[in-house]
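> no sequence for this one, just the structure:
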Ligand code: GDG
């Protein structure tokens, strides 16, 4: 039951439900199970909150109304849909979000398609989200907007006269000025972000980059304060800017990894790999993940160090994504050619196969069993906001003797850098060297490193992340909203099914 007072409104590109048509042709909603939903659920329920987003399928809002109210009643908070037509999905989602912001913010400006029509549609669609949000958001309410698709929702809400408290969190990195200045709409975008009361980033580096861009583009803006949360003073307003590294539901992952079905599946994998160490890579098919470079590093390891042949196998899972885009199809082909080349050079009939490659999405049970079975995780994105796979792997390493090889350009490196073997993903010799070090690392060192990482994640899990963000949002005269620590109550809620 909702308590009185300020309401909590979450806005994200997609609603946290998967919509599918039932046998009668009507939409049905299946709940998502990510850490973000789990962490926000207690606050949403406690405050009588609303989650607003695109259902992820074309169609007018009325078509989703019944599925949304049934799903909302079960979930314990309200849902509201922002319907998008195909042209909007093309310009706003596939276009501006994925062809401009995604590559630019991951430091790959040469992959950007700065089509001016994308910016126009992005602004219009952000206005559309704001129109759905506005009737739900009154003066003391708290609106938390998520991610790069929706950077202008705050300014559109202000333009519509919204007086609610507005906060924004960016899940991907924020680039430095050298890269950001290439964006033709850099000033408008920064001005939009500065309409929020709080702007949150994954890492101190992202926050620094943002402040440097503000200073470069808006010389009249003043920056005050020190420590983790700064204040940008602009046009008489004060905007808090902080870093809030996202995390996982550590206890839920640890418990699930310890469950009999996961343990059995992990044992099954080991039976298939007697006397061998398993190196795991799990990535969505994307150019930011550095999959081809990682395969080259593995190849180099096998070429230069014959002693590891037959002793290490790489299990590389690539989760299908955006196969309709030619660039992604080409990337898939490159990965598959490399796997073929490496296995062709080193595999022997009836014996060891260097790379096991799977192009599919794993079930939750398989994912956890792979985490549990792997001796070494190879997480080498070229750039990543955080990278939850790295944290989930550590949480599932319940024997505490596994090794994480982690890109120094993943946000997770800021918290896990003391335990992980940090690598530059562009340096194939360095990655091959880290694999060799991992292969030879004594048990004592493995345990010490893994314990340090598990401690860091346990002490800052996803509930702490929600608390920290809300605390920063309310620490300045933000009245009665909402009691931080409520999120930790999630431990008493039914577990999200794996
Ligand atoms: C953004 C930012 C940031 C992966 N493969 C399978 C599977 N997964 C799950 C993992 C993990 C998630 O997907 C991927 O984690 P990311 O951290 O890459 O999250 P994204 O939402 O893709 O990315 C990123 C994040 O937001 C959070 O702020 O860390 O930097 O890009 O949870 O477990 N799950 C299943 N099968 C798979 O095959 N079931």
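Now that the structure is in, tell me what you want to look at. None of these values were measured; they are calculated from a predicted model.
> Could you pick out the residues of the stretch 251-400 of the chain near the ligand for me?
Contact residues (Cβ under 6 Å from any ligand atom) of the stretch 251-400 of the chain with the ligand: 282, 319, 361-362, 364, 367, 384-389, 392. Where C-beta positions appear, they are placed from N, C-alpha and C, glycine not excepted.
> Give the partner strands of the helix or strand hosting residue 13 in its sheet and their orientations.
Using DSSP states H and E, residue 13 falls within strand 8-14. Strand partners for strand 8-14, identified by DSSP bridges, are recorded as strand 50-54 (parallel), strand 142-146 (parallel).
> Mind checking what helix or strand follows the last one in sequence?
Going back to what we said before, that points to strand 142-146. Of the helices and strands lying after strand 142-146 in sequence (DSSP H and E), the nearest is helix 153-159.
> Run through the neighbouring helices and strands of that next one.
Under the contact criterion of 3 or more Cβ pairs under 8 Å, 6 or more residues apart in numbering; DSSP states H and E, helix 153-159 touches helix 116-133, strand 142-146, strand 165-169, helix 186-193.
> So for the last one, mean pLDDT?
This points to helix 186-193. Model confidence over helix 186-193, given as mean pLDDT, is 98.
> orientation of that helix relative to strand 165-169 in degrees?
Relative orientation of helix 186-193 versus strand 165-169 (axes from the mean of the first three to the mean of the last three Cα atoms, to 10 degrees): 130 degrees.
> Where do the strands of the stretch 1-150 of the chain begin and end?
For the stretch 1-150 of the chain, the strands defined by DSSP state E, counting those that start in this stretch cover 8-14, 17-21, 27-31, 50-54, 78-81, 142-146.
> The ligand is nearest to which of these?
Taking Cβ to the nearest ligand atom, strand 142-146 is the member of the strands of the stretch 1-150 of the chain nearest to the ligand, at 8.7 Å.
> buried residues in stretch 13-24?
Within stretch 13-24, the residues scored as buried using 16 or more other Cβ atoms under 10 Å are 13, 14, 15, 16, 17, 19.
> Take those residues and lay them out in TSV including pLDDT.
Converted to TSV, these look like this (pLDDT from 0 to 100):
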residue	pLDDT
13	95
14	93
15	94
16	92
17	91
19	88
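> With respect to residue 343, which of these is nearest?
Nearest to residue 343 among these is residue 14, at 37.0 Å by Cβ to Cβ.
> so the closest one makes contact with residue 53?
Yes - if you go by Cβ atoms under 8 Å, residue 14 and residue 53 touch, sitting 5.2 Å apart.
> re the thing from before, now, of the strands paired with strand 8-14, which is deepest in the fold?
With neighbours taken as mean count of other Cβ atoms under 10 Å, the strands paired with strand 8-14 reach their highest mean count in strand 142-146, at a mean of 25.
> Any idea how far that one is from the middle of the chain?
Remark: strand 142-146 is offset 17 Å from the chain centroid, using Cα atoms, centre = their mean, to the nearest Å.
> Mind checking the pLDDT average for it?
96.
> What of stretch 401-419?
For stretch 401-419, the mean pLDDT works out to 97.
> Pull out the buried positions in it.
Buried, per 16+ other Cβ under 10 Å, within stretch 401-419: 401-407, 409-416, 419.
> Can you give me every residue that contacts residue 409?
When contacts are counted by Cβ atoms under 8 Å, 6 or more residues apart in numbering, residue 409 touches 381, 382, 383, 384, 424, 425.
> Which of these sits closest to residue 123?
Of all the contacts of residue 409, the one with the least separation from residue 123 (Cβ to Cβ) is residue 383, at 26.0 Å.
> The residue in the stretch 151-300 of the chain that the ligand sits nearest to: how many residues sit nearby?
Proximity to the ligand, evaluated over the stretch 151-300 of the chain using Cβ to the nearest ligand atom, is greatest for residue 171 at 3.6 Å. As a burial measure, residue 171 scores 16 neighbours (other Cβ atoms under 10 Å).
> thinking again about what came up before, in TSV, list the helices and strands packed on helix 153-159 along with distance to the ligand.
Listed next are the helices and strands packed on helix 153-159 as TSV, based on distance: least, Cβ to the nearest ligand atom, whole Å:
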stretch	distance to the ligand
helix 116-133	19
strand 142-146	9
strand 165-169	8
helix 186-193	17
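> With distance to residue 344 as extra columns, can I get these in TSV?
Rendered in TSV, the data for the helices and strands packed on helix 153-159 read as follows (distance: least, Cβ to Cβ, whole Å):
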stretch	distance to residue 344
helix 116-133	42
strand 142-146	44
strand 165-169	45
helix 186-193	47
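> most packed of these?
For those, the highest mean count by mean count of other Cβ under 10 Å goes to strand 142-146, at a mean of 25.
> Any chance you could list what contacts that one?
6-13, 36, 133, 137, 153-154, 157, 162, 164-169, 171, 196, 469, 473, 478, 481-482.
> circling back to that earlier point, of the contacts of residue 409 - the most surrounded one?
Neighbour counts for the contacts of residue 409, by other Cβ under 10 Å, peak at residue 384, which reaches 28 neighbours.
> Count the neighbours of residue 221 for me.
Neighbours around residue 221, by other Cβ under 10 Å: 17.
> Quick one: find the helix or strand in this protein with the lowest mean pLDDT.
Using mean pLDDT, DSSP states H and E, the weakest-scoring helix or strand in the chain turns out to be helix 35-47, at a mean of 82.
> any idea how far residue 111 lies from residue 182?
The gap separating residue 111 from residue 182 is 12 Å, by Cβ to Cβ, to the nearest Å.
> Ok, residue 84 next?
Distance from residue 84 to residue 182, counting by Cβ to Cβ: 27 Å.
> Relative to residue 254, which of the strands of the stretch 1-150 of the chain is closest?
Per Cβ to Cβ, nearest to residue 254 of those: strand 27-31, 22.1 Å.
> In contact with residue 213, which residues?
By Cβ under 8 Å, 6+ apart, the contact set of residue 213 is 174, 175, 176, 177, 180, 181, 186, 190.
> Save those residues as CSV, and put in secondary structure too.
Output for these, formatted as CSV (DSSP: H, G, I helix; E, B strand; the rest coil):
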residue, secondary structure
174, coil
175, coil
176, coil
177, helix
180, helix
181, coil
186, helix
190, helix
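> Mark which of those are buried, thanks.
Going by neighbour count (16+ other Cβ under 10 Å), those have 174, 175, 176, 177, 180, 186, 190 buried.
> related to what we said a few turns ago, if we compare the strands paired with strand 8-14, which one ends up closest to residue 454?
Going by Cβ to Cβ, the one of those nearest residue 454 is strand 142-146, 27.1 Å.
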